[in-house]
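K.L.:
attaching a predicted model along with its sequence, questions to come.
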Amino acid sequence: MNPAEEPAGLYLHIPFCRSICPYCDFAVSVARPAARAALVEDLITEIVSYPDWKRPFDTVYFGGGTPSMLEPEALQRLLSAARSHLPVAGDARIYLEVNPEDANAERAAAWRTLGVGTVSLGVQSFVTSELRRLGRHHRPERARAAVECCLEAGFATVSADLIFGLHDQTAAQWVHSLKTLIALAPQHISCYQLTIHEGTTFGRWRARGKLIEMPETQQATHFALTHRLLAEAGWRAYEVSNFAAAPEHRSRHNRKYWRHVPYLCLGPSAHSFDGRSRWWNLRDAKAYGEALRAARRPRAGIERLSDADLALETVMLGLRTTEGIDLDAFRARFGIDLVERNRALVDELGERGYLRNAGTRLAPTVKGLAVADGLASRLRLAD
């Protein structure tokens, strides 16, 4: 289906956590129950403020932060508001990010009753020392129990996240986490490379020389190891960091971001896209709420993308996926024959094992996925 014709995705940002992880660059804070209750009311107000949004939604994603901190009744209120005031399809897939500490049989049953189809567990590691350095409060045993609990609850898809790239992480430690998760057999696995951002605790430690990043060669080794082990075990990559046991377990919601499908994202710092323009909300939850209570859009900024901007984003996003770029669709949309304009470079990158030119698609190999952004920056789009 043409991305311009696909149903949109709805994202609701819950910006609260029990503590802030040292690597986290998201708009999150530690908040009391009263602040969480106020956020629910603010989100409902913002939901109601979009009566002119006409494109139907076939996904609803609760992200954060830690949306599993909210009581099921609060999640139900948000879902009810979305269904009442926005064109949410009756069979929309509901996604919920879950902290392993929040997962138990009672809560899992409540989430299923809400209609949640996919839970995504922030496991991050099965090595105790790594969890401590990452600022996580659960232990490997709790993470295993959380995955098992959600699998037993019968969700259509259980996903779990891991992080690699701590400077002293050995290949043996990373393999241990991967194999532990493989043995638990969730239907979806995400493996993210640790990125250190300015303004985070890790960023400040790096600036003071207290934290050293993993060398790029070792990062590349861990990346290749990840793709090899998961492929051998039956989890096929469909994006740089995402692996599914079968096509039906690929994230329908996240694929909208990678394929330039419109999405409406609500909550503090949330970024939305309607196919031509992108806008984003105020980052601070208090300022976000004050704007809504004053009957103002809580926007921090907006940009209208040119055709050149959209073409560049399409290339960058496409080369992060194993499907790659649909060359016929790209030519029809932007009037650019991407391969012919970059014939020598495409041939070179193909010979070096970074790209596959299948005639109708230009797609990265696993080696190419590891440097996807660099590949995109080399392709020439303008005359």
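P.N.:
Perfect, I can see it now. Numbers count the residues shown, from 1 in each chain.
K.L.:
distance of residue 348 from residue 319?
P.N.:
Between residue 348 and residue 319 the computed distance is 15 Å (Cβ to Cβ, to the nearest Å). Glycine gets a C-beta too; all of them are placed from N, C-alpha and C.
K.L.:
ok, residue 40 next?
P.N.:
Residue 40 sits 38 Å away from residue 319, going by Cβ to Cβ.
K.L.:
which residue is nearest the centroid of this structure?
P.N.:
residue 254 (5.9 Å; Cα atoms, centre = their mean).
K.L.:
with adjacent residues omitted, what lies nearest to that one?
P.N.:
Using Cβ to Cβ, 6 or more residues apart in numbering and skipping residues adjacent in sequence, the residue nearest residue 254 is residue 242, 7.1 Å away.
K.L.:
show me what contacts the one you found?
P.N.:
Residues in contact with residue 242 (Cβ atoms under 8 Å, 6 or more residues apart in numbering) are 188-190, 250-251, 254.
K.L.:
in helices, which of those fall?
P.N.:
residue 254 (DSSP state H).
K.L.:
switch the contacts of residue 242 over to TSV; also include distance to residue 129 and pLDDT.
P.N.:
Shown next, in TSV, are these (distance: Cβ to Cβ, whole Å; pLDDT from 0 to 100):
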residue	distance to residue 129	pLDDT
188	26	98
189	22	98
190	22	98
250	33	98
251	30	98
254	30	97
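K.L.:
if we can go back for a sec, so residue 40 and residue 319 - more neighbours on which side?
P.N.:
residue 319 (26 against 19; other Cβ atoms under 10 Å).
K.L.:
what does the helix or strand bottoming out on mean pLDDT in the chain rub up against?
P.N.:
Taking mean pLDDT, DSSP states H and E as the measure, the chain has helix 201-207 as its least confident helix or strand, at a mean of 88. Residues outside helix 201-207 that contact it (Cβ under 8 Å, 6+ apart) are 20, 22-23, 135, 196-198, 211-213.
K.L.:
among those residues, name the buried ones.
P.N.:
The neighbour count (16 or more other Cβ atoms under 10 Å) marks 22-23, 135, 196, 211 as buried among the contacts of helix 201-207.
K.L.:
which of these sits closest to residue 269?
P.N.:
Taking Cβ to Cβ as the measure, residue 269 lies nearest residue 23 of those, at 17.0 Å.
K.L.:
hmm, back to that, what confidence value was assigned to the residue nearest to residue 254?
P.N.:
Looking at residue 242, its pLDDT reads 98.
K.L.:
partners of the longest strand along the chain, with directions?
P.N.:
Counting by DSSP state E, the longest strand found in the chain is strand 88-98. Sheet pairing for strand 88-98, assigned by DSSP bridges, gives strand 57-64 (parallel), strand 116-124 (parallel).
K.L.:
what does it rub up against?
P.N.:
Residues from elsewhere that reach strand 88-98 (Cβ under 8 Å, 6+ apart): 7, 10, 56-68, 75, 79, 82, 111, 114-122, 146, 150, 156, 251-253.
K.L.:
only the buried residues of that strand, if you could.
P.N.:
For strand 88-98, burial by neighbour count (16+ other Cβ under 10 Å) applies to 88, 92-98.
K.L.:
hang on, the earlier thing: tell me the helix or strand right after the least confident helix or strand of the chain.
P.N.:
Sequence-wise, the next helix or strand downstream of helix 201-207 (DSSP states H and E) is helix 216-233.
K.L.:
using CSV, list the CA coordinates for that following helix.
P.N.:
Taking Å, rounded to 0.1, in the frame of the first residue of the first chain, the C-alpha atoms of helix 216-233 are listed here in CSV:
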residue,chain,number,x,y,z
GLU,A,216,33.5,1.6,17.0
THR,A,217,35.2,-1.7,15.9
GLN,A,218,33.8,-3.5,18.9
GLN,A,219,30.4,-1.9,18.4
ALA,A,220,30.4,-3.3,14.8
THR,A,221,31.4,-6.7,16.1
HIS,A,222,28.5,-6.7,18.6
PHE,A,223,26.1,-5.5,15.9
ALA,A,224,27.1,-8.3,13.5
LEU,A,225,27.0,-10.9,16.3
THR,A,226,23.5,-9.7,17.1
HIS,A,227,22.2,-10.2,13.6
ARG,A,228,23.9,-13.5,13.1
LEU,A,229,22.7,-15.1,16.4
LEU,A,230,19.1,-13.9,16.1
ALA,A,231,18.9,-14.9,12.4
GLU,A,232,20.2,-18.4,13.3
ALA,A,233,17.6,-18.7,16.0
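K.L.:
now do it: distance to the chain's middle.
P.N.:
In terms of Cα atoms, centre = their mean, to the nearest Å, the centre of helix 216-233 is set 20 Å apart from its chain centre.
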